[in-house]
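Enquirer: Predicted model, plus sequence, below.
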Amino acid sequence: MADFEAHVESRLNPTDDASKLQYLIEYCKGGARKLIEFCSVLDFSAGYQKAKQLLFENYGRPHVIARTYVNKLSKGQRLKSGDSAGLVVLAHDLEESRVALNHLKYVQI
(Lines give C-alpha, C1' and ligand atoms only; values in the text may rest on other atoms or scores of the structure.)
Protein backbone atom coordinates (compact mmCIF):
# COMPACT_ATOMS: atom_id res chain seq x y z
CA MET A 1 0.00 0.00 0.00
CA ALA A 2 2.88 2.37 0.70
CA ASP A 3 4.14 1.90 -2.87
CA PHE A 4 0.64 2.35 -4.28
CA GLU A 5 0.09 5.52 -2.26
CA ALA A 6 3.48 6.95 -3.24
CA HIS A 7 3.41 6.11 -6.93
CA VAL A 8 -0.26 6.13 -7.88
CA GLU A 9 -2.54 7.74 -5.31
CA SER A 10 -0.29 10.77 -4.77
CA ARG A 11 -0.21 11.52 -8.51
CA LEU A 12 -3.97 11.55 -8.96
CA ASN A 13 -6.43 14.27 -8.11
CA PRO A 14 -7.19 13.86 -4.38
CA THR A 15 -10.92 13.71 -5.13
CA ASP A 16 -10.63 11.15 -7.98
CA ASP A 17 -11.53 8.06 -5.97
CA ALA A 18 -12.89 6.36 -9.11
CA SER A 19 -9.44 6.26 -10.72
CA LYS A 20 -7.73 5.33 -7.46
CA LEU A 21 -10.11 2.39 -7.00
CA GLN A 22 -9.66 1.20 -10.59
CA TYR A 23 -5.87 1.36 -10.34
CA LEU A 24 -5.92 -0.42 -6.98
CA ILE A 25 -8.01 -3.26 -8.40
CA GLU A 26 -5.83 -3.41 -11.52
CA TYR A 27 -2.57 -3.66 -9.56
CA CYS A 28 -3.81 -6.32 -7.15
CA LYS A 29 -3.49 -9.97 -8.12
CA GLY A 30 -4.95 -13.28 -6.98
CA GLY A 31 -6.81 -13.34 -3.69
CA ALA A 32 -6.24 -9.65 -3.02
CA ARG A 33 -7.89 -8.72 -6.29
CA LYS A 34 -10.83 -11.05 -5.71
CA LEU A 35 -11.25 -9.55 -2.25
CA ILE A 36 -11.73 -6.00 -3.52
CA GLU A 37 -13.26 -6.35 -7.00
CA PHE A 38 -16.80 -5.94 -5.69
CA CYS A 39 -15.89 -2.50 -4.35
CA SER A 40 -16.29 -1.10 -7.86
CA VAL A 41 -20.08 -1.44 -7.55
CA LEU A 42 -20.09 0.88 -4.54
CA ASP A 43 -19.97 4.66 -4.63
CA PHE A 44 -16.40 5.44 -5.73
CA SER A 45 -15.36 7.11 -2.49
CA ALA A 46 -16.92 4.40 -0.31
CA GLY A 47 -15.58 1.69 -2.62
CA TYR A 48 -12.02 2.98 -2.48
CA GLN A 49 -12.09 3.28 1.30
CA LYS A 50 -13.63 -0.20 1.65
CA ALA A 51 -11.02 -1.71 -0.67
CA LYS A 52 -8.16 -0.18 1.34
CA GLN A 53 -9.76 -1.34 4.58
CA LEU A 54 -10.18 -4.91 3.32
CA LEU A 55 -6.61 -5.07 2.05
CA PHE A 56 -5.27 -3.81 5.36
CA GLU A 57 -7.39 -6.23 7.39
CA ASN A 58 -6.41 -9.22 5.28
CA TYR A 59 -2.85 -8.43 4.24
CA GLY A 60 -1.55 -5.37 6.06
CA ARG A 61 -1.50 -6.24 9.72
CA PRO A 62 2.04 -6.76 10.95
CA HIS A 63 1.29 -10.10 12.66
CA VAL A 64 -0.26 -11.46 9.44
CA ILE A 65 2.77 -10.40 7.42
CA ALA A 66 5.15 -11.83 10.02
CA ARG A 67 3.27 -15.14 10.11
CA THR A 68 3.46 -15.35 6.30
CA TYR A 69 7.25 -15.04 6.39
CA VAL A 70 7.56 -17.62 9.17
CA ASN A 71 5.27 -20.06 7.35
CA LYS A 72 7.22 -19.63 4.12
CA LEU A 73 10.38 -20.70 5.92
CA SER A 74 9.01 -23.37 8.23
CA LYS A 75 6.49 -25.02 5.91
CA GLY A 76 8.30 -24.57 2.63
CA GLN A 77 9.85 -27.20 0.46
CA ARG A 78 12.62 -29.24 2.09
CA LEU A 79 16.08 -29.11 0.59
CA LYS A 80 17.56 -32.26 -0.85
CA SER A 81 21.20 -33.17 -0.58
CA GLY A 82 23.23 -31.33 -3.21
CA ASP A 83 20.48 -28.82 -4.08
CA SER A 84 22.72 -25.77 -4.38
CA ALA A 85 20.10 -23.74 -6.29
CA GLY A 86 17.55 -24.48 -3.57
CA LEU A 87 20.08 -23.44 -0.93
CA VAL A 88 20.58 -20.08 -2.67
CA VAL A 89 16.81 -19.53 -2.76
CA LEU A 90 16.58 -20.43 0.95
CA ALA A 91 19.38 -17.99 1.77
CA HIS A 92 17.53 -15.20 -0.07
CA ASP A 93 14.27 -16.11 1.69
CA LEU A 94 16.03 -16.05 5.06
CA GLU A 95 17.53 -12.62 4.41
CA GLU A 96 14.22 -11.23 3.14
CA SER A 97 12.45 -12.60 6.21
CA ARG A 98 15.10 -11.24 8.57
CA VAL A 99 14.81 -7.74 7.09
CA ALA A 100 11.01 -7.79 7.03
CA LEU A 101 10.65 -9.15 10.57
CA ASN A 102 13.14 -6.59 11.89
CA HIS A 103 11.21 -3.81 10.15
CA LEU A 104 7.94 -5.08 11.60
CA LYS A 105 9.56 -5.43 15.03
CA TYR A 106 8.79 -9.15 15.11
CA VAL A 107 12.37 -10.26 15.65
CA GLN A 108 11.34 -12.68 18.41
CA ILE A 109 9.56 -14.83 15.84
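Expert: The structure has been received and is ready for your questions.
Enquirer: Measure how far stretch 34-43 is from the centre of its chain, please.
Expert: Taking Cα atoms, centre = their mean, to the nearest Å, one finds stretch 34-43 lying 18 Å from the centre of the chain it belongs to.
Enquirer: Can you pull out the residues in contact with that stretch?
Expert: For stretch 34-43, the external contacting residues (Cβ atoms under 8 Å, 6 or more residues apart in numbering) are 21-22, 24-25, 28, 47-48, 50-51, 54-55, 58. Just so you know, the C-beta spots here come from the backbone N, C-alpha and C atoms, and that holds for glycine as well.
Enquirer: And the helices in this structure?
Expert: Listed in chain order, the helices found in the chain under DSSP state H are 2-7, 17-27, 30-36, 44-55, 62-74, 84-103.
Enquirer: Okay, buried residues for the longest one please.
Expert: Of the residues in helix 84-103, those with enough neighbours to count as buried (16 or more other Cβ atoms under 10 Å) are 97, 101.
Enquirer: Quick check: mean pLDDT of it?
Expert: For helix 84-103, mean pLDDT rounds to 93.
Enquirer: With the third one instead?
Expert: The pLDDT scores in helix 30-36 average 96.
Enquirer: Please name the nearest non-neighbouring residue to the residue positioned nearest the centre of the chain.
Expert: Centroid-nearest residue in the chain: Tyr59, 5.6 Å away (criterion: Cα atoms, centre = their mean). With sequence-adjacent residues excluded and distances taken as Cβ to Cβ, 6 or more residues apart in numbering, Tyr59 is closest to Ala32, at 6.2 Å.
Enquirer: give me the number of residues near the one you found?
Expert: When counting by other Cβ atoms under 10 Å, one arrives at 17 neighbours for Ala32.
Enquirer: quick revisit: so the residue nearest to the centre of the chain sits right up against Lys29, yeah?
Expert: No - the pair Tyr59 and Lys29 does not pass the contact test of Cβ atoms under 8 Å, sitting 11.6 Å apart.
Enquirer: Could you list the domains of this structure?
Expert: The record's domain split for the chain, according to automatic domain parsing, is 2-60, 62-103.
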